[in-house]
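>>> A structural model of the following input is requested.
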Amino acid sequence: MKKGFTITYEYGDNLYVNTTNRCDYACTFCLRHNQTSNGSIYNDNLWLEREPTKEEILASIEGWDLSKYKQLVFCGFGEPSYRLEDICWVIDRMKERGTKIFTRMDTNGTANLIHGRDTCPDFAGRFDMVSISLNTDTAEKYEALCRPQFPGSYKAMKAFAKELRQYVPTVMMTVVDTIPPEEIENCRKICEEEIGAVYRVREYIKD
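Residues are numbered from 1 along each chain as shown. Okay, here's the model as predicted:
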């Protein structure tokens, strides 16, 4: 697969930030495991020849006219919370310079496992929304579907989402519409009744 150095890219009304290709999951549905795929549905090539520095991330973001976008989304072709400290640094510098834009992170919700500490307070005052992939309704199905690196990832993800509500205005949890209707309903109950988050069913887009 070819590699490039795409740090930021447009999709719809948002500007996306690709900070890392590292991921602690090996999801069965992920385009990363398609050897013919260099990128995603959003961009031709999101494989990084190396991780950008925090200064390079900031410079790439500020190279765009941010007034054009509704949201600045830290997502990309990996798990962005690996770069949480650098992302927080970037957002802090932007705020110091008076930049105002809605900020979001799309994550699998395992930042606490990745960093070995409670990271939820780091999100306070920096993110307007965090979107977490719930994916399915039981730990057993989750393990088979997402193949996480860390034991107990399903439980940790849900605990992270619940705590994060103290620090972030909107915590959203998502599933893809390929799962059975009863599973979608079970996930809704987990999200809304157990976690207290906003629930979203996403359309699956293969390519």
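
>>> ok, Phe160 touching Ala111?
Yes: here Phe160 reaches Ala111: they are 6.6 Å apart, a contact under CB atoms under 8 Å. Every residue, glycine included, has its C-beta placed from N, CA and C.

>>> please enumerate the strands of this protein.
For the chain, the strands defined by DSSP state E occupy 8-11, 14-17, 71-74, 102-107, 129-133, 170-176, 198-202.

>>> list the contacts of the second one.
Applying CB atoms under 8 Å, 6 or more residues apart in numbering, the set of residues contacting strand 14-17 from outside is 7-10, 42-43, 57, 60-61, 64, 66, 68-76, 80, 87.

>>> check which residues of that strand are buried.
Judged by neighbour count (16 or more other CB atoms under 10 Å), strand 14-17 contains these buried residues: Asn14, Leu15, Tyr16, Val17.

>>> just list whatever residues bridge to the residue nearest the centre of the chain.
Residue closest to the average C-alpha location in the chain (CA atoms, centre = their mean): Asp106, at 2.1 Å. Beta bridges link Asp106 to Ser131 when assigned by DSSP bridges.

>>> what does the pLDDT read for it?
Asp106 is assigned a pLDDT of 97 by the prediction.

>>> is it true that it touches Gln71?
No: contact criterion CB under 8 Å: Asp106 and Gln71 do not qualify, at 10.4 Å.

>>> one step back: in a markdown table: the strands of the chain, plus distance to Pro151.
Output for those, formatted as a markdown table (distance: least, CB to CB, whole Å):
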| stretch | distance to Pro151 |
| --- | --- |
| strand 8-11 | 34 |
| strand 14-17 | 30 |
| strand 71-74 | 26 |
| strand 102-107 | 19 |
| strand 129-133 | 18 |
| strand 170-176 | 21 |
| strand 198-202 | 26 |
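
>>> mind checking those for the one nearest to Ile91?
Checking the strands of the chain against Ile91 by CB to CB gives strand 102-107 as the closest, at 6.1 Å.

>>> for that closest one, buried residues please.
Neighbour counts using 16+ other CB under 10 Å place Thr103, Arg104, Met105, Asp106, Thr107 of strand 102-107 among the buried residues.

>>> likewise for stretch 71-82?
Under the neighbour-count criterion of 16+ other CB under 10 Å, stretch 71-82 has Leu72, Val73, Phe74, Cys75, Gly76, Phe77, Gly78, Glu79, Pro80, Ser81, Tyr82 buried.

>>> quick one, which of the strands of the chain gets closest to Cys27.
Closest to Cys27 of the strands of the chain, according to CB to CB: strand 129-133, at 8.6 Å.

>>> can you give me how far that closest one is from the chain middle?
Relative to its parent chain, strand 129-133 has a centroid offset of 6 Å by CA atoms, centre = their mean, to the nearest Å.

>>> closest to Ile184 among the buried residues of strand 14-17?
Checking the buried residues of strand 14-17 against Ile184 with CB to CB, the nearest one is Asn14 at 25.0 Å.

>>> partner residues bridging the closest one?
Tyr11, Gln71.

>>> what sits up against stretch 71-82?
13-25, 32, 39-40, 46-48, 61, 66, 87, 101-108, 110-111, 114-115, 119, 128-129.
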